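[1] Build me a model from this:
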Amino acid sequence: MKKYFIALSILIFFVAKIFATAQVSDKLIYNGDTIFFLVEPLEKCFEDSIIYRNKLFEEQTEKWYSTACWRGYVAEWKIEDSTLYLTAIYQCHKNSIKADLKNLFGEKCVNGRVKAEWVSGNLFADYGKTLHYIHMGYQSIREFEIEFKIENGKILSTKKYENKVQKSIYTQNQKNLMEFISKNIQWESLPLDKLPVKVFVNIYRKENGKIECEVIRKSEYEEFNKEAIRVLKSLPEWDSLYRRGKYLKNSWTIPVSFVKK
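    Next comes the predicted model:
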């Protein structure tokens, strides 16, 4: 008797600013602790032409790039007297290479720091243990987040979130998902002479815990489309991500390949 198996991988999609990989965060000193920005406050400064990127590390001769630090620098910030200050800018891979804030900002740099007057809006920073790693931008989820409401560098209000209610069963362990699908496929109901067949299924968990699935790229054989949906909807539970006081409506695209072993 011939044997068959399922090959699959998981692609995670979020509606957010897209980066090729997880990014190194700017550091923020807040109430004496170091936390990590989930945004890049200095980028708005570049847009407003206050300083220019090519002036950051004028004495640097060696060019260095990393997919984990597309912007080419890591900034350090501090909140003091309800005001956000820029305190340092380092080259991504060498803390010894430091930008001259006085040269960049002129008289705006006082006592080695610059008031971040160009920063307005709601900015998020996080800290604590990583609960769910996502290899994209600043999408990984840590235990705690703080939302800062800022206007022209002044902190108007803060709000703390606790991201503890969540499960990560399958997206962090694809082997578990592959084993579940392999054990539950009803091969006798499929036209095996049509193999190989690939089906792309979108799956997500609703707030009530119900699993929803839909085929987003069908095979030409409806039997395989229906079987992929049936098996995934039979999962006892699906990963839940809980962030900033609510469950995320995130989705996973699963390419399921039915092939002969």
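
[2] In this structure, what helix or strand scores lowest on average pLDDT?
    strand 11-13 (a mean of 36; mean pLDDT, DSSP states H and E).

[3] Can you name the residues that contact V114?
    Applying CB atoms under 8 Å, 6 or more residues apart in numbering to V114 gives the contacts Y85, L86, L101, F105, K108. Heads up, the C-betas are built off the backbone N, CA and C, glycines and all.

[4] nearest to D33, of these?
    D33 lies nearest to Y85 out of those, by CB to CB, at 16.0 Å.

[5] same question for the helix or strand hosting L131, mean pLDDT?
    Using DSSP states H and E, the element containing L131 is strand 121-132. For strand 121-132, mean pLDDT is 94.

[6] Name the next helix or strand downstream of it, please.
    strand 141-151.

[7] what does that next one contact?
    Residues contacting strand 141-151 (CB under 8 Å, 6+ apart): 30, 35, 38, 79, 84, 119-132, 134, 155-164, 166, 241, 243-244.

[8] got the CA coordinates for the strand holding L131 in CSV?
    Output of strand 121-132 as CSV, limited to C-alpha atoms (Å, rounded to 0.1, in the frame of the first residue of the first chain):
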residue,chain,number,x,y,z
GLY,A,121,1.1,61.1,18.6
ASN,A,122,0.6,57.8,20.4
LEU,A,123,3.9,55.8,20.8
PHE,A,124,4.2,52.3,22.2
ALA,A,125,7.1,50.6,24.0
ASP,A,126,7.3,47.1,25.5
TYR,A,127,9.3,45.1,28.1
GLY,A,128,9.4,41.8,29.9
LYS,A,129,9.5,38.2,28.6
THR,A,130,8.8,37.6,25.0
LEU,A,131,5.5,35.7,24.8
HIS,A,132,5.3,35.3,21.1
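
[9] which secondary structure elements does it contact?
    strand 33-37, strand 141-151 (3 or more CB pairs under 8 Å, 6 or more residues apart in numbering; DSSP states H and E).

[10] Deepest in the core, which of those is it.
    Greatest average neighbour count among these goes to strand 141-151 (a mean of 17), per mean count of other CB atoms under 10 Å.

[11] re earlier: quick check: buried residues in the strand holding L131?
    Across strand 121-132, burial judged by 16 or more other CB atoms under 10 Å covers L123, F124, A125, D126, L131, H132.

[12] Out of those residues, the closest to S257 would be?
    Distances from S257 to the buried residues of strand 121-132, taken by CB to CB, are shortest for H132, at 26.2 Å.

[13] Please report how far that closest one lies from E222.
    Going from H132 to E222 by CB to CB, to the nearest Å gives 35 Å.

[14] how about the strands in the stretch 51-200 of the chain?
    73-80, 83-91, 94-98, 109-110, 113-115, 121-132, 141-151, 154-162, 197-205 (DSSP state E, counting those that start in this stretch).

[15] In the stretch 101-250 of the chain, where is pLDDT below threshold?
    165-173, 249-250 (pLDDT under 70).

[16] Give me the phi and psi for the spatially most central residue of the chain.
    Centroid check for the chain by CA atoms, centre = their mean gives Q139 as the closest residue, at 1.8 Å. Backbone torsions of Q139, given as degrees, to the nearest 10, read phi -90, psi -10.

[17] Sounds good, over and out.
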